[in-house]
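[1] sequence and predicted structure, then a few things I'm wondering about:
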Amino acid sequence: MKYGYFDDKAREYVITRPDTPMPWINYIGCEGYFGILSATAGGYSYYKDARLRRLTRGRYNNVPLDFGGRYIYVRDNADGSFFSPSWMPVRGKLDDYSCRHGMGYSVISGKKNGIAASTRYFVPMGENLEIWDFTVTNERAESADLSIFSIAEFCLWDAQDDATNFQRNFSTGQVEVEDEVIYHKTEYRERRNHFAWFACSEKLTGFDTQREAFLGPWRGWEDPKAVAEGKSGDSIAHGWQPVASNHIKLSLKPGETRRIVFVLGYHENPRDQKFDPPNSQTINKKLVKPTIAKFRDPKNVDAAFAALKENWDTLLGKIQVQTPDVHTDRMVNVWNAYQCMATFNMSRSASTFESGIGRGLGFRDSNQDLLGFVHMVPERARQRILDLAATQFASGGAYHQYQPMTKKGNNDIGGGFNDDPHWLIIGVAQYLKETGDFSILDEKVPFDTTPGTEVPLYEHLRRSIQYALDNIGPHGLPLIGQADWNDCLNLNCFSDEPGQSFQCLKGATDGKTAESVFIGGLMVLSCKELAGVAKAAGKPGDVETYLELAQKMDETVRKHGWDGEWFLRAYDNFGKKIGSHENEEGKIYIEPQGFCVIAGIGVEDGTARKALDSVNKHLATKHGIVLQQPAYTRYYIELGEISSYPPGYKENAGIFCHNNPWVIIAETILGNGDQAHDYYTRICPSAREEISDLHKNEPYVFSQMIAGKDAPTHGEAKNSWLTGTAAWTFFAATAYILGIRAEYDGLRVQPVIPKAWDGFTATRVFRGVTFDISVKRAGKGNRVALTVDGKAIDGTIVPLPKDGAKTVKVEAVLS
Ligand code: BGC
Ligand code: IFM
């Protein structure tokens, strides 16, 4: 069953009933101010860091799952009845409901008894605030006397502290109200540098800032006292739970529409102007008054919305395609690119599945995310690379995560995930191919964010490989450390004691035995990429060094990492094979199959083909490719967290969508466009829209995981939005299936599309030049003949125009 539809022209997904199988969310904000926004107006907002600057409260993982948000109540003063146009939190029956999730905004509309209301939520570009642009229409034949109530609940900044330290927090909350603006100033006494505010474009009938005054004792959000009685309490919060609620009375003639703008904003002094005067007990309101005045005027709201639209048109305009497949088109042109920006901004921190407290920005994650967004925001990719590299250790190892607010490595998790350093090379290489900006390699970047340790970024890349060379195991393969890409394959964490959890036990191992074939494959690729960087950057000496290392590791992987029909996964702490036909369970894993082929291992001699055939035979299902088989039916302490999951979920044989595109890319490398696109379609959310009751998650974004064939809920998705799947599927579809990819010397056009496609057209903006590409089939193969501005060229790389032209016309014929 479907719960909505794609409005492809408008770049919106339209949800037509509020009781979706899961909260179907969107994100607002794409610079510093961010919010999660569900289709029923749930979710919270934060500034830069979902943990350290949480502005409002949402109650995730609650009953129902999505609770607390940006709520509006519409009350009919004639009979005292009321409803929420977003369905939540009143949840009464609506006569009409829709939510249009668009690019950086959502419009949620509801109608009841002839009163239609709609709110457009968004964050203007360049501002630290969100707008709730509300309109209400009286569709009745007689006048309506209405009360509108808005409410947001403030979080006391640090989301972790807010959730746990209420013995203190119940006594710290403070607000001020001036000129009908509610200022939330908890902590202002000591910090004097930040506050939030809530304002409205209309004259207020009343307000509330104390949650219990608004709700009334022992009442819930579905039936607040203020709304039921039609009267706010004009309360001032002293401790407890500060909120911001406005009450506006309206009298609407038949057919009349009124618009009210609510604005929730945040102010934080710039770093160099940290604090307001020491004894200041009242906040420095003049800092935000011009902004408040600006957005109380609907004209400025319209202009801000137009600017937001324009921003997204520009970003998405970098790649637009028209193929015979509607799912490919809408994912590439709109939703997958949009999801890539969300993973860039949010990493893995804040979603329906992530609390915003547990995870900062991942080193491996953010480097991989770059593959999906560098073409849209190259300057921001540059900064991200420098921030990531600054958390690397002098050894070349890296913190696994860093906190976006402080940009410092996270000590709780530490380092020792031995795949991490390689991803920096892959991220930087992609940045260079996209932008040609080699100046980044000379940027001075510290180790472990320690002043005085700065070296050029290029040296960081060299240290990444040095770290791998310093951590080689008994078979000559890279040591796995805490884990590799598969966070849950914890081969150095074991204990003989029954009932021990997967946590690393001190002294259990020296970590010098367990090896990863996957990192072996990854290292072959990263060495080749580093050789490519060195060549393009004019460092010929290094080219040979890294190509030799790639060659050597390639040989080691074939010698010690090949199981006969597929690539092995690892050697455990006892030197025993993992991912081998010799194992009883976990005989074959997906990661090394896809990745070794991407690295070029065995492509010439047929082993690569064998490995991918084994994937097809043992791992492929109609819902996607599972991570390994057979699933672990019991807990193996020597394997760690992977076997803690029941069969078919997450890393224990779930369909981990993130590495499906590795196989998709691998299939294109071997020239098999049919198989590649078929795998793509299996996990593609749009193609799964019809089975929403099974899939459950949003049909417009990829999920991290779909339950595998061993799970009772095979086909059910979890962890939507924030996943490496976003970048990798985008990269697989655009750069490998459609074959349009950035190279040092130009734009490659080398499609490997399904045989049934007669071609496609695309526009790709690359280094400021628009490439208009048209691909036609003259035969069923993948051989490409290119004509550029009417002239045939050799090879598949279209160079940038020498005459400074801003457009290039490319015609490709496949035979
Ligand atoms: C995995 C989770 C795991 C977590 C912590 C994640 O990357 O997907 O299943 O619980 O890492 O190890
Ligand atoms: O590789 C990881 C990623 O860093 C976070 N999500 C899960 C993946 C597999 O464990």
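    That came in fine, so what should we check first? Ligands and ions are numbered 1, 2, ... in the order given.

[2] quickly note the distance from residue 628 to ligand 2.
    12 Å (Cβ to the nearest ligand atom, to the nearest Å). Placement of C-beta: from N, CA and C, glycine included.

[3] quick one: contacts for the closest residue to that residue other than its chain neighbours?
    Nearest-residue entry for residue 628: residue 589, 4.3 Å, with adjacent residues in sequence omitted and distances by Cβ to Cβ, 6 or more residues apart in numbering. Shown in contact with residue 589 (Cβ atoms under 8 Å, 6 or more residues apart in numbering): 486, 518, 569, 578-579, 627-628.

[4] who wins on neighbours among these?
    residue 518 (32 neighbours; other Cβ atoms under 10 Å).

[5] wait, isn't it in contact with residue 484?
    Yes - Residue 518 is within contact range of residue 484, at 5.3 Å (criterion: Cβ atoms under 8 Å).

[6] spell out which residues are contacts of both of the two.
    Shared contacts of residue 518 and residue 484, defined by Cβ under 8 Å, 6+ apart, comprise residue 419.

[7] next one: phi and psi at the spatially most central residue of the chain?
    With distances taken as Cα atoms, centre = their mean, the residue of the chain nearest its centroid is residue 343 (2.1 Å). Dihedral angles of residue 343 (phi, psi; degrees, to the nearest 10) stand at phi -70, psi -30.

[8] okay, buried residues for stretch 735-745 please.
    735-743 (16 or more other Cβ atoms under 10 Å).

[9] so for it, mean pLDDT?
    Mean per-residue pLDDT for stretch 735-745: 98.

[10] contacts for it, please.
    319, 321, 323, 328, 332, 375, 430, 432-434, 436, 532, 535-536, 664-665, 668-669, 673, 676-677, 680, 734, 747-753, 760, 762, 764, 766, 771, 773, 784, 796-797, 799.

[11] for the helix or strand that contains residue 776, which strands pair with it and how are they oriented?
    Element membership for residue 776 (DSSP states H and E) is strand 769-777. Take DSSP bridges as the rule and strand 769-777 pairs in its sheet with strand 759-766 (antiparallel), strand 807-814 (parallel).

[12] if I pick the residue of the stretch 651-800 of the chain found nearest ligand 1, what's in contact with it?
    Nearest residue of the stretch 651-800 of the chain to ligand 1: residue 651, at 5.7 Å (Cβ to the nearest ligand atom). Applying Cβ under 8 Å, 6+ apart, we find residue 651 in contact with 486-489, 627, 641-642, 645.

[13] elements contacting the lengthiest strand in the chain?
    Determined from DSSP state E, the single longest strand within the chain is strand 144-157. Strand 144-157 sits against strand 54-56, strand 71-76, strand 129-138, strand 194-200, helix 225-229, strand 242-252, strand 257-268, with contacts defined as 3 or more Cβ pairs under 8 Å, 6 or more residues apart in numbering; DSSP states H and E.

[14] so the residue in the chain that ligand 2 sits nearest to, which state does it fall into?
    Using Cβ to the nearest ligand atom, residue 487 is the residue of the chain that sits closest to ligand 2, at 3.6 Å. On the three-state scheme (DSSP: H, G, I helix; E, B strand; the rest coil), residue 487 is labelled coil.

[15] and it, its phi and psi?
    Dihedral angles (degrees, to the nearest 10) for residue 487: phi -50, psi -20.

[16] need the contact list for residue 435.
    By Cβ under 8 Å, 6+ apart, the neighbours of residue 435 are 374, 378, 382, 767.

[17] the last one - how many residues pack around it?
    The one in question is residue 767. 14.

[18] again, but for the third one
    As a burial measure, the neighbour count of residue 382 was computed by other Cβ under 10 Å and equals 18.

[19] up against ligand 1, what does this protein have?
    Proximity of the chain to ligand 1 is confined to 487-488, 641, 650-651 under the rule Cβ under 6 Å from any ligand atom.

[20] which one of those is nearest ligand 1?
    residue 487 (3.6 Å).

[21] who's in contact with that closest one?
    417, 641, 651.

[22] pretty sure the second one sits against residue 486.
    When you say that, I think you mean residue 641. No - the pair residue 641 / residue 486 is not scored as a contact, 9.3 Å apart, by Cβ under 8 Å.

[23] picking that back up, kindly reformat the strands paired with strand 769-777 as JSON lines containing distance to residue 44.
    As requested, these are exported to JSON lines (distance: least, Cβ to Cβ, whole Å):
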{"stretch": "strand 759-766", "distance to residue 44": "35"}
{"stretch": "strand 807-814", "distance to residue 44": "44"}
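
[24] nearest to residue 442, of those strands?
    The closest of the strands paired with strand 769-777 to residue 442 is strand 759-766. By Cβ to Cβ, the value is 23.4 Å.

[25] neighbouring contacts of that closest one?
    So strand 759-766 is contacted by 317-324, 375, 434, 738, 740, 742, 747, 751, 753, 770-777, 800, 814 (Cβ under 8 Å, 6+ apart).

[26] now, of these, which are buried?
    Buried among these by 16+ other Cβ under 10 Å: 318-321, 323, 375, 434, 738, 740, 742, 747, 751, 753, 770-771, 773, 775, 777, 800, 814.

[27] show me what contacts residue 304?
    Contact analysis of residue 304 by Cβ under 8 Å, 6+ apart lists 122, 124-125, 127, 131, 295.

[28] go again using 10 Å as the cut-off
    122-127, 129, 131, 133, 294-295 (Cβ atoms under 10 Å, 6 or more residues apart in numbering).

[29] among the residues you listed, which are in helices?
    294-295 (DSSP state H).

[30] just the buried residues from the contacts of residue 304, in ChimeraX please.
    Selecting only the buried entries of these in ChimeraX, with 16+ other Cβ under 10 Å as the criterion:
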select :122,123,124,125,127,129,131,133,294,295
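
[31] list the contacts of the residue nearest to residue 117 when sequence neighbours are not counted.
    In this structure, residue 117 finds its nearest non-sequential neighbour in residue 85, 3.9 Å apart by Cβ to Cβ, 6+ apart. Residues near residue 85 by Cβ under 10 Å, 6+ apart: 40-41, 71-74, 94, 96-98, 108-112, 115-119, 134-136.

[32] in stretch 242-255, what's buried?
    242-250, 252.

[33] now pLDDT too, for these, in TSV please.
    Listed next are the buried residues of stretch 242-255 as TSV, based on pLDDT from 0 to 100:
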residue	pLDDT
242	98
243	98
244	98
245	98
246	98
247	98
248	98
249	98
250	97
252	98
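
[34] show me which of those neighbour ligand 2.
    Among the buried residues of stretch 242-255, not one lies near ligand 2 by Cβ under 6 Å from any ligand atom.

[35] ok, these vs residue 285, which is closest?
    Among those, and counting by Cβ to Cβ, the member closest to residue 285 is residue 244, at 14.9 Å.

[36] so which of the contacts of residue 589 sit within helices?
    Using DSSP H, the contacts of residue 589 in helices are residue 518.

[37] got CSV for the contacts of residue 589, with distance to residue 177 and pLDDT too?
    Listed next are the contacts of residue 589 as CSV, based on distance: Cβ to Cβ, whole Å; pLDDT from 0 to 100:
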residue, distance to residue 177, pLDDT
486, 53, 97
518, 58, 98
569, 61, 98
578, 62, 98
579, 63, 98
627, 54, 98
628, 59, 98
